[in-house]
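**Student:** build me a model from this:
(chains A, B, C and D)
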2 protein chains.
Amino acid sequence: MATATAPTSLSHGELRTWRAFARSARLLFAQLDRDLSRDAGMAPGTYELLVILAEAPDGAMRMNELAEATLSSPSRITHAVERLVDLGWVERTSCPSDRRGWLAVLTDAGHAALLATAPRHVEHLRAHFFDGLSTEDAAHLRRICENILARLPNGGSAGGCPGA
Amino acid sequence: MATATAPTSLSHGELRTWRAFARSARLLFAQLDRDLSRDAGMAPGTYELLVILAEAPDGAMRMNELAEATLSSPSRITHAVERLVDLGWVERTSCPSDRRGWLAVLTDAGHAALLATAPRHVEHLRAHFFDGLSTEDAAHLRRICENILARLPNGGSAGGCPGA
DNA sequence: CTTCAGAGCTTGAACGCTCAACTATTGCTG
DNA sequence: CAGCAATAGTTGAGCGTTCAAGCTCTGAAG
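**Tutor:** Model prediction:
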């Protein structure tokens, strides 16, 4: 199976690579979540849901599509959408083509909340992530991460961009 | 309206880079957590705590050191260590040099649990992460992530290599 | 030696996610 | 068209993290 190196332990270099990757990702996520919580009072994951809904036609999506797109369970989507409905940011509509299904639809208020939050979020993302990345670094990182994704179960399902 | 995510000043390429990075990291973490839960019944984060304790002199660490090393809050450490104590994997000792402090000490059972779990975990880590990475990719990734870490608050605290 | 700001850690409630049922609908098969 | 497996989604309990207090102890200053 694997390349002929260590069986059950990582080399020193591998360990360092893994820890740098894991630590940077976790620290980055935590920082951005804190920023979103402080600036907009959003629970973790809320911003992502709003973005994905906003990118969908008519701001509407089936619950299971939302689950796939956000890499989360149907149950989480049910609970998360319920909170968004309570906030007035999302409305639920029964699906016309499948009586089992429901659509989550972004309201104007939800759209406004996203628009109000996005600039600051992008600012933070730049400050913490892109500003330390050269153009070549970014290209490398993208290729490497897309490779990792391609080898992961479910990694390709909504990888993002239609082109290439 | 069609996607009005406009005011985000991220370019298409930047967006794709960020999403590849975020998605690969989250999917990877989720997969490894599931593996650890299935194989060893470990709650997320438990394995990391055991590893960090095992690397410490005498398998002992102050609570606040554990919090820093795992990028988590003192409160989380209190609760997490309590669960480890209940499992018999850790013991608590009052700190001799500071009566406010406590040491979490890895027990033989805790060490055994780590040893029993590590091979499979490393196997999964290889399968999902390293096997898709060329030597150059790994080197690039490490440098890039260490750069990101260096620019992040708290990123340098334990980002380097303890053992080298 | 007293005082007091701050460090180290804990506590309990609130919150979000997970997991295992469970209901309702669909689509296939005979 | 009856039966049945699979799909879509919900529900509620259990678990782990977060957050805001709160307690004890330390170190330094007066």
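
**Student:** show me what the longest helix along chain A is packed against.
**Tutor:** In chain A, with assignment by DSSP state H, the single longest helix is helix A:12-40. Applying 3 or more C-beta pairs under 8 Å, 6 or more residues apart in numbering or on different chains; DSSP states H and E, one finds that helix A:12-40 contacts helix A:46-55, helix A:108-128, helix B:12-40, helix B:135-150. C-beta: built from backbone N, CA, C; applies to glycine.

**Student:** tell me which parts of chain A are close to DNA strand C?
**Tutor:** Proximity of chain A to DNA strand C (C-beta under 7 Å from any atom of the strand) is limited to residues A:43-45, A:72-73, A:75-76, A:79-80, A:83, A:98-100.

**Student:** quick one: contacts for A:R126?
**Tutor:** Applying C-beta atoms under 8 Å, 6 or more residues apart in numbering or on different chains, we find A:R126 in contact with no residue.

**Student:** what about it, distance to A:T135?
**Tutor:** 14 Å (C-beta to C-beta, to the nearest Å).

**Student:** most surrounded residue in the residues of chain A next to DNA strand C?
**Tutor:** Using other C-beta atoms under 10 Å in any protein chain shown as the neighbour test, the residues of chain A next to DNA strand C are led by A:A80, with 21 neighbours.

**Student:** relative to A:C95, how far out is A:L103?
**Tutor:** According to C-beta to C-beta, A:L103 and A:C95 sit 5 Å apart.

**Student:** when the two are compared, which one has more neighbours?
**Tutor:** A:L103 (20 against 14).

**Student:** the more buried one is in contact with A:R92, isn't it?
**Tutor:** Yes - with contact defined as C-beta atoms under 8 Å, A:L103 counts as touching A:R92 (6.9 Å).

**Student:** which residues do A:L103 and A:C95 both contact?
**Tutor:** With C-beta under 8 Å, 6+ apart, A:L103 and A:C95 have common neighbours A:R62.
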